[in-house]
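**Student:** Got a predicted structure plus its sequence, pasted below:
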Amino acid sequence: MLGKIVGVTLIMAASLPSSAQVLPAPSLPGQGRLSEELVRSIETKDTAAYAALLSDAVHVFEDGKEVAHSKADWINTFGKKLSADGVVFKVSPGFSSSGRLLFIEYFNSAGSWGGNVPAHCCWSYDAVAYDLAGGKVTAIRRLRGGETKLDERGSPAK
């Protein structure tokens, strides 16, 4: 009888979808705090706080091409945009998996035109993945926003 119970149990377990058997990896320690600090430093345009979250050896990619291979390189480039007068940043609610944060970063650089521009004008966006290790951002992968809106299947929206 015990053999039949074990056999039925094994058959039932084998029939379950494999995705139900493996749980996702837990977030890294401190990942939630790092996520909150990253959003806060970008939206408040705090270059020093943003830089403190980056590894000294952070690598940054835009559309697959490496554009910076250290914190100093990246802050020299992105820090100017982050701290520029008239530039506004908003970070969308994102997604988190073990060792990676995903956000859409919106920015409005209409201030470079001078004068007052309507708030709904001139927003651009980048999809950004932040790879994390040791409590720091070790890689940033940016996908520049485009002009084509996609529907829920990834096809151009009409």
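**Tutor:** Nice, thanks for sending it over. Numbers count the residues shown, from 1 in each chain.

**Student:** for this structure, which spans come out with low pLDDT?
**Tutor:** For the chain, residues meeting the criterion pLDDT under 70 lie at 1-21, 23-30, 109-122, 146-150.

**Student:** hmm, 90 instead?
**Tutor:** 1-35, 80-90, 92-102, 104-126, 144-158 (pLDDT under 90).

**Student:** Pull out the buried positions in the longest strand along the chain.
**Tutor:** Longest strand in the chain, counting residues (DSSP state E): strand 123-133. The neighbour-count check on strand 123-133 (16 or more other CB atoms under 10 Å) flags 125-126, 128-132 as buried. In short, each C-beta sits where N, CA and C put it, glycine included.

**Student:** For residue 82, see how far away the residue lying closest to residue 134 once chain neighbours are set aside is.
**Tutor:** Closest residue to residue 134 in three dimensions, ignoring its sequence neighbours and counting by CB to CB, 6 or more residues apart in numbering: residue 55, at 7.3 Å. Relative to residue 82, residue 55 is positioned 18 Å away (CB to CB, to the nearest Å).

**Student:** Please enumerate the strands of the protein.
**Tutor:** 54-62, 65-68, 88-91, 95-97, 100-108, 123-133, 136-144.

**Student:** how many neighbours does the closest residue to residue 42 other than its chain neighbours have?
**Tutor:** Nearest residue to residue 42 in three dimensions, chain neighbours excluded: residue 89, at 5.0 Å (CB to CB, 6+ apart). Counted by other CB atoms under 10 Å, the residues lying close to residue 89 total 17.
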